[in-house]
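> Structure for the following, please:
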Amino acid sequence: MDAQFLNQIPCCLLLDPPGDGAWNMAVDESLLESLAEGRTCCWRFYQWREPTLSLGYFQDLDDRRRHPPSAECPIVRRASGGGAIVHDIELTYSLIVPAAQPLARQAPRLYATVHQTLIEALAQLGVNGASLYGHDGGDAGGQLPFLCFERRSPGDVVYGGAKIAGSAQRRRRGAVLQHGSILLGRSAAAPELPGIAQLAGRTVTGDELTDVWLPLLKKRLGLTFSNHALTESQHRLAQRYVDDKYASHHWTRGRHAPLG
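Next up is the predicted model:
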């Protein structure tokens, strides 16, 4: 186990059915809000009901015209930064760490550990050669690519020069939400992006990846998983976030105040 993460930390495990964009983002925020001041973490795996484009928090909605293949996809704006993501043939995860847990004060190491265990999980599934992108300078100057998976930042997971996984973090009252996407295959709504199936010649399903990744996360982060579903109050809060935020044109369209 990583010496930084020795204590056994209680962690709810949510294995959610596919949802639409507004609901998926609202659940992440509901979990962050409801768990921020407790001691229990939450790990959530989820997928998408239909190919969906998510904008990074600071991206302009009008920029979606830069990517015609995803023009017919429904759109949602994330509460985290970065480039746009076409969520389709992928596995998405989120991790919520309350402020009271030491993990919340080690956000860069948390990011790296999650990605390193992903690399180890892929190797167990026969996808050898994935690595962490390590260039200190990140993307070159000038206009960044519209799509997140055409950008490169230190700590991204790459395979054969292509990005196959990336994550983003945000904070609330000292708690951390980290969520990210693992590109399992090429989407017709983003044909320029090969996934693991095309790059490695090996089909990896979300269930297969979940089964081998969870034990590694348990060991390296010191998490003790227990299966859960959303509580009634978390479900109500998520629905409020759908109605008031993620499904609203104002949120999708506009620039917003800095995140707290």
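
> Show me where the stretch 151-260 of the chain has its helices.
Here the stretch 151-260 of the chain has its helices, by DSSP state H, counting those that start in this stretch, at 196-200, 206-221, 232-241, 249-253.

> what's the most buried one of the ones you listed?
Of all these, helix 196-200 carries the top mean neighbour count, a mean of 20, counting by mean count of other C-beta atoms under 10 Å. All C-beta spots, glycine's among them, are computed from the backbone N, C-alpha and C.

> low-confidence ranges in the stretch 101-250 of the chain?
Scanning the stretch 101-250 of the chain with the threshold set as pLDDT under 70 gives 135-141.

> Hmm, Ile9 and Leu223 touching each other?
Yes - applying C-beta atoms under 8 Å, one finds Leu223 in contact with Ile9, separated by 5.3 Å.

> what do the two both touch?
Cys41 (C-beta atoms under 8 Å, 6 or more residues apart in numbering).

> element containing Arg44, please.
Using DSSP states H and E, the element containing Arg44 is strand 41-46.

> ok, then the element right after that strand?
Scanning forward in sequence from strand 41-46 by DSSP H and E, the next helix or strand is strand 52-55.

> Summarise which helices and strands whichever helix or strand comes after that following strand is packed against.
Following strand 52-55 in sequence order, the next helix or strand is strand 75-77 (DSSP H and E). Counting contacts by 3 or more C-beta pairs under 8 Å, 6 or more residues apart in numbering; DSSP states H and E, strand 75-77 packs against helix 21-35, strand 52-55, helix 249-253.

> Need the CA coordinates for the longest one. PDB is fine.
When you say that, I think you mean helix 21-35. Coordinates of each C-alpha in helix 21-35 appear next as PDB, following Å, rounded to 0.1, in the frame of the first residue of the first chain:
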ATOM      1  CA  GLY A  21     -25.700  14.300 -19.100                       C
ATOM      2  CA  ALA A  22     -27.500  16.500 -16.700                       C
ATOM      3  CA  TRP A  23     -28.300  13.700 -14.300                       C
ATOM      4  CA  ASN A  24     -24.700  12.300 -14.300                       C
ATOM      5  CA  MET A  25     -23.200  15.700 -13.500                       C
ATOM      6  CA  ALA A  26     -25.900  16.500 -10.900                       C
ATOM      7  CA  VAL A  27     -25.200  13.200  -9.100                       C
ATOM      8  CA  ASP A  28     -21.500  14.000  -8.800                       C
ATOM      9  CA  GLU A  29     -22.300  17.400  -7.300                       C
ATOM     10  CA  SER A  30     -25.000  16.000  -5.000                       C
ATOM     11  CA  LEU A  31     -22.400  13.500  -3.600                       C
ATOM     12  CA  LEU A  32     -19.800  16.200  -3.200                       C
ATOM     13  CA  GLU A  33     -22.200  18.500  -1.400                       C
ATOM     14  CA  SER A  34     -23.700  15.700   0.900                       C
ATOM     15  CA  LEU A  35     -20.400  14.100   1.800                       C
END
